[in-house]
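Participant: Here's a sequence, model it:
(one chain, ligands or ions: 1)
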Amino acid sequence: CLARPARAAGGVPFGAAIQSDYFDTDPSYVQAFVDHCDIVMPMNELKFGLLRPARDEFNFTHADRLVDFALANGKASRGHAFVWWSTNPPWLEAIEDESEAETALIEHIERVADHYRGRLTDWDVVNEVIAHDPRGGPDGPLRDTFWLRRLGPRHVPLAFETAARADPGAGLVINDYDLEFAGDRYDARRAAMLDIVRQLQDRNIRVDAVGLQAHLYSHLAVDVPGFARFGEALEALGVRLIVTELDVIDFQVRGGVEEQDAAATRVVSDLLDAVEGTPPLALVTWGLTDRYSWVPDAMPRQDGKPSRPLPFDARMRPKPWYDMLRARL
Ligand code: XIL
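Facilitator: Next up, the predicted model:
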């Protein structure tokens, strides 16, 4: 089961994803992780394509720097991610043959898990395998990806089985987005996640936690009772929750900073209500400061004003929701 990083006051460890891009250029950014986090994890540096630009070329340099930095400062770190639809290098996607794809998957997980054995508490073994709308497609709940096209649904148990063998001490996480909100599409995503977890367990394959990316939309309502039922169903299966990529997507918000931050506080508070009965193993935000975030690139505010997705603003001042979060964890 998942090792919990030590934290003085007990409770749920808090952490954030860090980017090597700013490691040498922005000392106050780096210092904020030292000051505020129990967990510091590489945001992009362990993704397939960045780690492995060519089949025989593993570039661990950037990820190692971040993981070493975390551990040297008494933090825990986690791995993201072995299997994803995005960031696959061209040499990988060019593989046509099923057994060659299988070999590539196994060799990747074995080699990378081995490199980090004992240094990462857990791995996002598969990331975003559920179809955007699992009721929509002809192929069932799984997203149409390179891995699904080459190996079929068996790539999910294969990845977990391989990870369990390669690093028996690491927690194994199935990570996904849009599991928190109210509505049929989100109910279907939660149901699909439960099915995948049950299918893994039916095959005696270990899965320790469901990762909630928790890219929360400040204009959507968290389904507190619906999510609580999902958490209880997982608990009955012996599977924990972990919040892996929390931030607030505020592209539809109107008004000034005050309205924006109030909406963020509300949606984060609702998430904490939703996991109250089944506390997560950890809570990790996807970055720490509004200075650097994927949100304004992917989903800029419709009124052209700056996004405020993260717990600290661009000048490194904590938002009200950060204080609320730390008080409640
Ligand atoms: C994003 C990073 O934040 C960006 O820096 C990068 O350019 C693209 O990927 N879900 C995930 C993350 O699982 O890996 C994504 O991270 C955000 C959405």
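
Participant: If we ignore the residues flanking it in sequence, what's nearest whichever residue of the chain sits closest to the ligand?
Facilitator: Of all residues in the chain, the one sitting closest to the ligand is residue 294 (3.5 Å; CB to the nearest ligand atom). In this view, the C-beta of every residue, glycine as well, is placed from N, C-alpha and C. For residue 294, ignoring the flanking residues on the chain, the nearest one in space by CB to CB, 6 or more residues apart in numbering is residue 286 at 7.2 Å.

Participant: Quick check: that neighbour vs residue 34, distance?
Facilitator: Distance, residue 286 to residue 34, by CB to CB, to the nearest Å: 18 Å.

Participant: neighbour-wise, which of these two wins?
Facilitator: Between residue 286 and residue 34, counted using other CB atoms under 10 Å, residue 286 has the larger neighbour count: 21 against 14.

Participant: Residue 80 touches residue 175, doesn't it?
Facilitator: Yes. Applying CB atoms under 8 Å, one finds residue 80 in contact with residue 175, separated by 7.4 Å.

Participant: Identify the contacts common to the two.
Facilitator: With contacts defined as CB atoms under 8 Å, 6 or more residues apart in numbering, the residues adjacent to both residue 80 and residue 175 are 124, 127, 244.

Participant: What about these, which one has the most neighbours?
Facilitator: Comparing those by number of neighbours (other CB under 10 Å), residue 244 comes first, having 32 neighbours.

Participant: just to revisit the earlier point, can you convert the shared contacts of residue 80 and residue 175 into CSV and add a column each for distance to the ligand, pLDDT and secondary structure?
Facilitator: Supplementary listing: the shared contacts of residue 80 and residue 175 in CSV, determined by distance: CB to the nearest ligand atom, whole Å; pLDDT from 0 to 100; DSSP: H, G, I helix; E, B strand; the rest coil:
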residue, distance to the ligand, pLDDT, secondary structure
124, 7, 99, strand
127, 5, 98, strand
244, 8, 98, strand
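
Participant: wait, what's in contact with the residue nearest in space to the middle of the chain?
Facilitator: With distances taken as CA atoms, centre = their mean, residue 244 lies nearest the centre of the chain, 3.7 Å away. Applying CB under 8 Å, 6+ apart, we find residue 244 in contact with 78, 80, 124, 173, 175, 211-214, 284.

Participant: Now do it against residue 302, distance only.
Facilitator: Taken as CB to CB, the spacing of residue 244 relative to residue 302 amounts to 27 Å.

Participant: try residue 188
Facilitator: To residue 302, residue 188 is 27 Å away according to CB to CB.

Participant: Of the two, which one has the most company?
Facilitator: residue 188 (17 against 11).

Participant: which ones are touching the more buried one?
Facilitator: With contacts defined as CB under 8 Å, 6+ apart, the neighbours of residue 188 are 133-135, 141.
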